[in-house]
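A.B. asks: coordinates only, no sequence provided:
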C-alpha cells in the first residue's frame, strides 16, 4: 500500500492512498461470500451460489458497496498507522466507486483531523516584572466603615425622608410598568440606592409617615400610588472596642490589625492571580497551536452546557442571559467558541511544556490532592479514591495537577532576575 500525506490548516491531514489490485480482488471475493450468505438464490443453498450469479442478483453497486465497507475502514486505519498520524475524528473518505475492480489498483483520499501540533515557543525566555504589592490607601478605614454599616440599626427619623433614609411604603396602586411593585404589598426603599425605580426613590424625598404620594409609573399615563408607613435612618455604632468584640476581636486595635491582615491576604491573592494571568498571556503569545475545528466545537458545546446548568440553578435560561447581555444568539455562540479556543490553547501549551520539562505530579502530590478533595466534599478518602478510579477521573485529576505544576514552573522562570539560572530541564530520551 502506498500512502502520501499532506498537512492542511486546523490540524487536518489528507492521505492519498493506493491499494494494489490483489488487495482489492481479495476484498471483492470476501464481499461475494458475504452477500451469498444473505440472499436467496433458487437452486442454491445460502452461501453456495457462484460469484457471477450473486452479482447478477444484487447488482454491481451492491458488490462494490460491500467491498468498500470491508476494505476502507481497516485500510484507512493502517494508512494512518503507517504515516504515524493520531486521528481525533472520523475520516472523510473520497473514492470513485467506478474504479473498484479486481484487476486494477484502487486510489482514494481520506481527510482526518489529527492531534494538533503544538510549539510552546520560547517560554524559558519569558520574563514578567512583578509590581510591588501595596494596600490601597484608606482600604482599612473603608473596611472598618463597612463593619459599622453591617452592625447598623434603623431608628425612627422624625424628619422628612432624605437621601440615604429608609422609607417603608405600601403600594396602593401599582401600574403594569412598575414590574415587581404590586398593589397591597409593603416595600422598604432606601432612597438613592438604585434598588427600586428612580421615580419611586426620588419621589419619596421629603415624605413623612402617613403621607400618600402619587408618582409616575412605567408609562406617561400610569401612576404609582404609595402610602408612607415609616421613615427610618441608619444609626451606626461607634468605632470602638465594643464593635471589635462583636467581630471577635479583643479591642479596636486588634480589629484594625485583623482587618489589615485580611485585606493584605486578599490583595496578595489577587496579585498572584493577576501575575499568573500575565505570565500565561506572554507564554501563549509566543506559542503556536493549530486547533482542529471538531475539538473547538466539542469544547464550546461543553461550555454551553456548563453555562446553561449554571443559569438553571438561578432560575434563568440562555435566552434571558442573551437579552441581559444585549447580544444575539450568534454573538453568544461566538463568545463560547472564543472561550473554548482559549481554554484549549492553554491546556495544550501547558501539556507540551510539561512533556518537554518532564513535569508530572508525584504519588505524594496525588495523595495530598485526593485528601483535599475528600475534605472539600465531606467524604471519606477511600470513597473518593473509588470514585476517581472510574471513567478516567484519576487521569483528569493528574492532568489538572500537572498543569498546575507547569504553571508554577513558568512563574519561577518569569520572576527570575537577570543573570539568575533558570530551573533545570529534565532531559527525556526522545529529546536526547
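C.D. replies: Sure, I can see it. Note that the coordinates shown come from a computational prediction; the quantities given were computed from them, not determined experimentally.
A.B. asks: what's the domain layout of this protein?
C.D. replies: Following the assignment in automatic domain parsing, the chain carries domains at 2-115, 123-150+241-288, 153-235, 358-432.
A.B. asks: max-length strand in this protein?
C.D. replies: With DSSP state E setting the assignment, residue counts place strand 223-235 as the longest strand in the chain.
A.B. asks: tell me the buried residues in the helix or strand following that strand?
C.D. replies: Elements were assigned by DSSP states H and E; along the chain past strand 223-235, the next helix or strand is helix 241-246. Applying a neighbour-count criterion of 16 or more other C-beta atoms under 10 Å, the buried positions in helix 241-246 are 243, 244. All C-beta atoms are positioned from the backbone trio N, CA, C, and that covers glycine.
A.B. asks: return the list of helices and strands in contact with the next helix or strand after helix 241-246.
C.D. replies: As assigned by DSSP H and E, the chain's next helix or strand after helix 241-246 is helix 252-285. With contacts defined as 3 or more C-beta pairs under 8 Å, 6 or more residues apart in numbering; DSSP states H and E, the secondary structure elements packing on helix 252-285 are helix 139-150, helix 241-246, helix 329-357, helix 393-414.
A.B. asks: how about those helices, which one is nearest residue 38?
C.D. replies: helix 393-414 (42.8 Å; C-beta to C-beta).
A.B. asks: run through who's touching the closest one.
C.D. replies: Residues outside helix 393-414 that contact it (C-beta atoms under 8 Å, 6 or more residues apart in numbering) are 123-124, 126-128, 275-276, 279-280, 282-283, 347, 350-351, 353-354, 357, 359-361, 365-366, 369-370, 373, 387-388, 422-423.
A.B. asks: residue 62 and residue 68, how far apart?
C.D. replies: Summarising the geometry, the distance separating residue 62 from residue 68, computed by C-beta to C-beta, to the nearest Å, is 11 Å.
A.B. asks: the two - which one has more neighbours?
C.D. replies: Ranked by neighbour count (other C-beta atoms under 10 Å), residue 62 and residue 68 place residue 68 first, with 20 against 16.
A.B. asks: got a list of what that one touches?
C.D. replies: 95, 97, 100.
A.B. asks: got a winner among those for most neighbours?
C.D. replies: For those, neighbours tallied by other C-beta under 10 Å; top is residue 100, 22 neighbours.
A.B. asks: ok, that residue touching residue 69?
C.D. replies: No: with contacts defined as C-beta atoms under 8 Å, residue 100 does not count as touching residue 69, sitting 11.7 Å away.
A.B. asks: which residues do those two both contact?
C.D. replies: When C-beta under 8 Å, 6+ apart defines a contact, no residue borders residue 100 and residue 69 alike.
A.B. asks: and the nearest residue to residue 2 once chain neighbours are set aside, its phi and psi?
C.D. replies: Here the nearest residue to residue 2 in space, its sequence neighbours aside, is residue 18; by C-beta to C-beta, 6 or more residues apart in numbering that works out to 4.2 Å. Here the main-chain torsion angles of residue 18 (degrees, to the nearest 10) amount to phi -130, psi 120.
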